[in-house]
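Peer 1: My questions are about this predicted structure, shown below with the sequence.
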Amino acid sequence: MYSYIFDVNTHGLLLTTQTGKYVANEIRPVFAPELALTGLDQYFEYNPSEQAPLLWGIKNTYLIAATDENGTPYGRKVAQLNGTQYGKPLNIQVFFDGKLTLTPVDVEAMVQANSEIMDALVADTKRRTKELYDESIQRCDTAYIAFSGGKDSVALLDICHRVLPLSVPIIFSDTDMELPDTYSVVEIIQEHYPDREFITARASRPALENWKTFGPPSRSIRWCCSVHKSTPALIALKKKLQKPAIRVMAFVGVRGDESHSRSFYEDASDGVKNASQLNRMPLLDWGAHELWLYILGNGLIINEAYKKGLTRVGCLMCPESSEKYEWFVHAAYSKALKPYSDIIIETSLKQFSSLQEKKEFIGKRYWQARRSGIVLKETLTPPLEEKNGLELTFRSPYFRRDLFYEWIKTAGSVVKARGTSQQLLKLPKSIDIEIPFVYSASNKEGDSVCFTFSSLDEENALLPSLRLLFRKISACVGCQACETECSWGAITTINGKLKVDEDKCVRCNKCYDVKNVKGAAIACWRYQSMYKPENSNSVANKFACYRNFGLRREFIDPLLEHEDTFFQWNTEHPLGKDKVESCKSWFPQAMITTEGRKPTKLIELFRQRALNEVAWEFVWIALTNRSPLINWYCVTTQIDERKEVQELLRMLQESYPLTSNVKDRRLDALKNTAAQSPLGGDSKAVMLPEYKGKKVIALTRKTKEVHPLTILYGLYLIADLAQRGSFTVRELLTADMDSVFVSPIVAFGIAPDTFKKQCEGLRTRYPDYISTTFTLGNDGLEVYPQRHTLEDIINLALGDSQ
């Protein structure tokens, strides 16, 4: 995109030949309706009926074109809005005396002044648009132009209309949550492009109904985008083409200028948002200033929402919206907004003491932060698993027989044993693997399904996929998101009833490919949105066990000195009583002592100073699996993601709500661990604390290059937890609050290729401890907990140091 300067001649913008990749704050024209809506009109003299822009806006500031004492043009700040929060009055700040007379932008002159650069940019974009179409259309059943009613899609449509065949339709995915002014834009667009087919796609259920069924969406659970936007568009095209499965090319108005992450996009991506869709983004390198010049220069329609002050056009209540966006939506469309804000309050488990607290919950966007259903009144719990030898029973009050016998087809074929009524699950790509199962009808605890495996290895191999299967069965409401993921046309939903065509299904598991914020597969959008970990209440209570102390370096030497008598506190003890009480939780969870408070072999690593770093690595992998606090922090944050303590507290409250209004000090132990142990601090640490004075105000998880034996120790630790020794690298890549274990990859942020190399090195040096199959596209590894223990790994480390 091109840069710009302010132009006092036109009171607008003037493009320069200097280019840039990403601008943090977009500029936008400001129109008369916004001044009236915000109350800024009382500070300016202008014609209220003026149609041209009167000011320019960047974030909360308002600018006019001016020159400094040297004649250099710049944007002079004349006003600023403070406190743009839903339900609260604005605080307006002006930077002049009296009333300022506003001169409208001379749009015609501004467009003319920028015509040379804009003509070149538009010509290049039209060429690239046609190129993107021609390059890939042969791989697709059809293409379409995505339209939302916003400025990006208005400009995109106009450019696409000039170069793409008229057979390429426009699709407007009506989410049923659109701003009222967007529907007016849709009507005008259809009149403006009468020769191009215009399709309006809608989900099978109204948005408000789905908000109640799924729970309100959030920043990390954006089921709404799939259920109400991409899925309806693809379903509409399937009906239009009368095909059970399609591959489509979508021209979308995504721009790199919109966010830092989008600035790294390529203008062509396949299967990113949906397995059946190729996204093409010809406006990717355009800036907002170029977009507005194109719209104003071509007389294209401007959504009235922009003129009222909204910086973007989206849904009424969006989980990624800013406080400012919600203020303007509330000010301009309060009646349309109310049903969604009501549902947010009605579905929340939080006890609100006043109307103001409800407004704050919405205005400060706390509702956007949830990562599961734990803070909802209605939730879904994972199916109960009951193990009896090689029999494994799944039980849930949410199971439905009809859904089970449809979704089970994605795992294999259901056949009957010869001469009996015994049902068998015959697995794909196998000749003789048939697993007996029994579906039992409802009782007080819900329906159940019991599988009988032939071996523990068979059970371990199938358990992950069976868990995903039963999540789908528990939560499926026929939203059709899975239907559009299927490239084979095996899944259909008619009148809300789901069907799986066994003859078409290839068991590719694309329909299971819904992922949570950490990238872990969870199989179903509704399950992701509403699930509540079974142990959430008991885990929350365990957070108090640390007495607000972290696991400190200073705790180790007294343990080495006193060993078996360490926990027998008296006034002569080198640590205070509360610190010793804290160690009663930290040490067993770190596996420094046993649950019976006897020191483990791990203390020998601490005795040898050269092995202290390895010892702390062993401690970290143990804590990520055994400490409720460290496990929560590890599975809810990303590597290199800075999190302020206040944000972490909000996330913790979402995961494990406090029932009282006492000050939440549950993160004190985490902050203290980062500040007072080798686990936090320098380049060899796993956490980077940020201070204000002596107070930890933010934490960042860091990658760490670990000793190879730390990998082996971690693998044996998770083998004990999982009750199996065989793993794939793929299943070790992610973890969430429901995961049985946290792998070394997740705990230390190890790159998969690096992890494989370390495992290969361990296999070469310790072939009796680990084997790998990383050739020919395989990614399996195996450890042998029946032969070796964690103490054996510690002995290897001690032996290596000698």
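Peer 2: Ah, there it is.

Peer 1: Distance of the closest residue to Thr16 other than its chain neighbours relative to Leu284?
Peer 2: Beyond its immediate neighbours in the sequence, the residue positioned closest to Thr16 (C-beta to C-beta, 6 or more residues apart in numbering) is Ser3, lying 5.0 Å away. C-betas here are computed from N, CA, C, even on glycine. Here Ser3 is placed at a distance of 17 Å from Leu284 (C-beta to C-beta, to the nearest Å).

Peer 1: Comparing those two, which residue is more hemmed in?
Peer 2: Relative neighbour count places Leu284 above the other of Ser3 and Leu284, with 22 against 15, counting by other C-beta atoms under 10 Å.

Peer 1: Could you find the closest non-adjacent residue to that one?
Peer 2: Excluding the flanking residues, the one nearest Leu284 by C-beta to C-beta, 6+ apart is Asp267, at 4.5 Å.

Peer 1: Double-check that neighbour against Thr125; I have them as touching.
Peer 2: No. If you go by C-beta atoms under 8 Å, Asp267 and Thr125 don't touch, sitting 10.0 Å apart.

Peer 1: Give me the common contacts of the two.
Peer 2: Shared contacts of Asp267 and Thr125, defined by C-beta atoms under 8 Å, 6 or more residues apart in numbering, comprise Pro282.

Peer 1: Compare the two and say which one has the larger neighbour count.
Peer 2: Set side by side, Asp267 and Thr125 show unequal neighbour counts under other C-beta under 10 Å, the larger going to Thr125 at 23 against 18.

Peer 1: and that one, helix, strand or coil?
Peer 2: Reducing the assignment to helix, strand or coil with DSSP: H, G, I helix; E, B strand; the rest coil, the entry for Thr125 is helix.

Peer 1: check contacts around it.
Peer 2: Neighbouring residues of Thr125 by C-beta under 8 Å, 6+ apart: 159, 282-283, 286.

Peer 1: Let's see that with 7 Å instead.
Peer 2: Shown in contact with Thr125 (C-beta atoms under 7 Å, 6 or more residues apart in numbering): 159, 282-283.

Peer 1: ditto for Val686
Peer 2: Shown in contact with Val686 (C-beta under 7 Å, 6+ apart): 620, 679, 701-702, 704, 748.

Peer 1: most neighbours, which of those residues?
Peer 2: Ranked by the number of neighbours (other C-beta under 10 Å), the contacts of Val686 place Trp620 first, at 29 neighbours.

Peer 1: how much space between it and Thr125?
Peer 2: 50 Å.

Peer 1: Around the closest residue to Ser585 other than its chain neighbours, count how many other residues there are.
Peer 2: Taking C-beta to C-beta, 6+ apart, and ignoring the residues beside it in sequence, Ser585 has Cys545 as its nearest neighbour in space, at 4.1 Å. For Cys545, the neighbour count with other C-beta under 10 Å is 16.

Peer 1: Kindly report the same for Pro104.
Peer 2: Burial of Pro104 is recorded as 17 neighbouring residues (other C-beta under 10 Å).

Peer 1: Just confirm Arg418 is within a helix.
Peer 2: No. Judged by three-state DSSP, Arg418 forms no part of a helix; its state is coil.

Peer 1: how is the chain carved up into domains?
Peer 2: According to automatic domain parsing, the chain comprises the domains 1-373, 384-529, 536-701, 708-800.

Peer 1: For my notes, please list those in a markdown table and give mean pLDDT for each entry.
Peer 2: What follows is the domains of the chain, written out as a markdown table (pLDDT from 0 to 100):
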| stretch | mean pLDDT |
| --- | --- |
| domain 1-373 | 92 |
| domain 384-529 | 89 |
| domain 536-701 | 90 |
| domain 708-800 | 92 |
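
Peer 1: Tell me where the stretch 601-750 of the chain has strands.
Peer 2: Chain-ordered strands for the stretch 601-750 of the chain, with DSSP state E, counting those that start in this stretch as the definition, fall at 642-644, 687-692, 695-701, 726-728.

Peer 1: The last one pairs with which strands, parallel or anti?
Peer 2: The one in question is strand 726-728. Sheet partners assigned to strand 726-728 using DSSP bridges are listed as strand 780-783 (antiparallel).

Peer 1: Appreciated, that's everything.
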